[in-house]
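[1] build me a model from this:
(one chain, ligands or ions: 1)
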Amino acid sequence: MIPARTIVIKLGTSSLIDETTHDIQYDIVAGVASTVAALRDGGYRVVLLSSGAVGFGLLRMGLPSRPSSLLGKQALAAIGQGEVMSMWSNVFSQRGIAVAQVLLTHDDIASPKRYDHAVNTFNELLSIDVVPIVNENDTLSTKEIQIGDNDTLGAITATMVHASYLFLLTDVDSLYASNPKHDVHASRIDLVTSISSLRERLDFSDLGAGSANGTGGMATKLRAAEIASAAGIFTVIASSSRPSVVSEILEYYDGERMGNGASSESSGDTEDGRPLHTLFFPDPCSRKGNGLKAVGLEIPPLMS
Ligand SMILES: N[C@@H](CCC(=O)OP(=O)(O)O)C(=O)O
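    Alright, predicted model coming up:
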């Protein structure tokens with residue numbers, strides 16, 4: 001029997017709420033839930049990183065845009081987080097899957113004791129087949145101490161649960177050498193073996209901007225890939241518009257586990273049957289657990 005593998009899937013606000021119409025993207029939400037169900041059938045343990053607390057708070061209060069004050073955002077996150085969880089709880093319970101809310105702050109990661117408690121809770125939830133749904137505890141996260149973006153929190157979570165893969169699902173299908181929204185000739189980057197040499201080549205003043213609803217963008221995704229890579233985890237950037245792309249990518253790399261054979265069976269987006277995505281290889285010097293310190297966060301190493 002193949003041992004269980006853990007994967008972390010991160011979904012940003014721009015994937016949950018349409019930026020123009022402000023509608024909740026229920027097709028994406030349902031697609032994520034059925035993909036998670038399929039992955040679990042394939043023997044994967046799944047952790048979901050869901051943004052959306054501030055965005056759902058805005059919707060609930062009928063406000064048009066994010067407030068500029070931290071306090072305003074904290075209050076909206078407190079309003080919206082329950083709505084986010086209620087949505088996930090409903091959509092997963094239709095598939096007989098229980099979910100759990102895990103809210104983390106920087107302090108929980110910086111304190112060895114609290115870090116261990118969080119790791120133990122993750123392990124317990126996964127061992128009883130529950131899908132942990134993670135977000136930053138925005139109400140308690142002030143400017144000085146916040147993790148700040150959920151791409152980074154996704155990488156930290158992936159490290160905590162010893163994930164094999166971190167999937168960052170977003171509104172573009174992969175990393176591009178320039179911003180595809182501004183440059184129609186932007187070239188796709190399929191594989192990244194060295195993030196530091198990529199940093200030397202890419203212009204983040206154009207690639208870094210996130211959407212109006214979210215806080216991230218490619219800069220935070222690269223930072224997340226760096227953290228995950230240093231901890232021996234593969235990071236994937238792919239489009240949230242077709243959440244089943246996660247299963248297709250795992251079939252492509254991990255076909256035996258998904259029970260469908262290799263990639264030739266998959267529909268694929270490219271001529272060679274490869275679903276569109278960018279894959280970041282783990283740092284060859286990586287050791288599980290050392291990824292967080294590698295990028296300067298004061299975080300204790302994992303006990304394995
Ligand atoms: N914790 C915040 C989201 C922070 C964040 O990184 O958002 P995003 O750029 O949409 O992934 C929230 O739930 O609204």
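
[2] buried set for the helix or strand where E200 lies?
    Here E200 sits within helix 195-201, counting by DSSP states H and E. Across helix 195-201, burial judged by 16 or more other C-beta atoms under 10 Å covers 195, 198. The C-beta positions use only the backbone N, C-alpha and C, and glycine is treated the same way.

[3] identify the residues contacting that helix?
    Residues outside helix 195-201 that contact it (C-beta atoms under 8 Å, 6 or more residues apart in numbering): 177, 189, 192, 222, 225-226, 229, 280.

[4] do stretch 272-279 as well
    So stretch 272-279 is contacted by 173-175, 188-192, 234-239, 245, 248-249, 252-253, 263-264, 266-270 (C-beta under 8 Å, 6+ apart).

[5] residue ranges with poor pLDDT in the chain?
    Along the chain, segments meeting pLDDT under 70 span 1-3, 143-145, 204-216, 256-268, 287-304.

[6] what segments of it are helices?
    In the chain, the segments counted as helices under DSSP state H are 13-16, 26-41, 53-61, 70-93, 106-110, 112-127, 150-160, 195-201, 204-207, 218-230, 245-258, 291-294.

[7] can I get those in CSV with distance to I7?
    Output for these, formatted as CSV (distance: least, C-beta to C-beta, whole Å):
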stretch, distance to I7
helix 13-16, 17
helix 26-41, 7
helix 53-61, 23
helix 70-93, 16
helix 106-110, 20
helix 112-127, 11
helix 150-160, 8
helix 195-201, 20
helix 204-207, 25
helix 218-230, 11
helix 245-258, 8
helix 291-294, 16
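
[8] looking at those helices, which is buried most?
    helix 150-160 (a mean of 28; mean count of other C-beta atoms under 10 Å).

[9] roughly how far out does that helix sit from the chain middle?
    7 Å (C-alpha atoms, centre = their mean, to the nearest Å).

[10] let's have the contacts of helix 195-201 in a markdown table, adding distance to the ligand.
    Formatted as a markdown table, the contacts of helix 195-201 follow (distance: C-beta to the nearest ligand atom, whole Å):
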| residue | distance to the ligand |
| --- | --- |
| A177 | 22 |
| I189 | 21 |
| V192 | 20 |
| L222 | 14 |
| A225 | 15 |
| E226 | 16 |
| S229 | 19 |
| F280 | 18 |
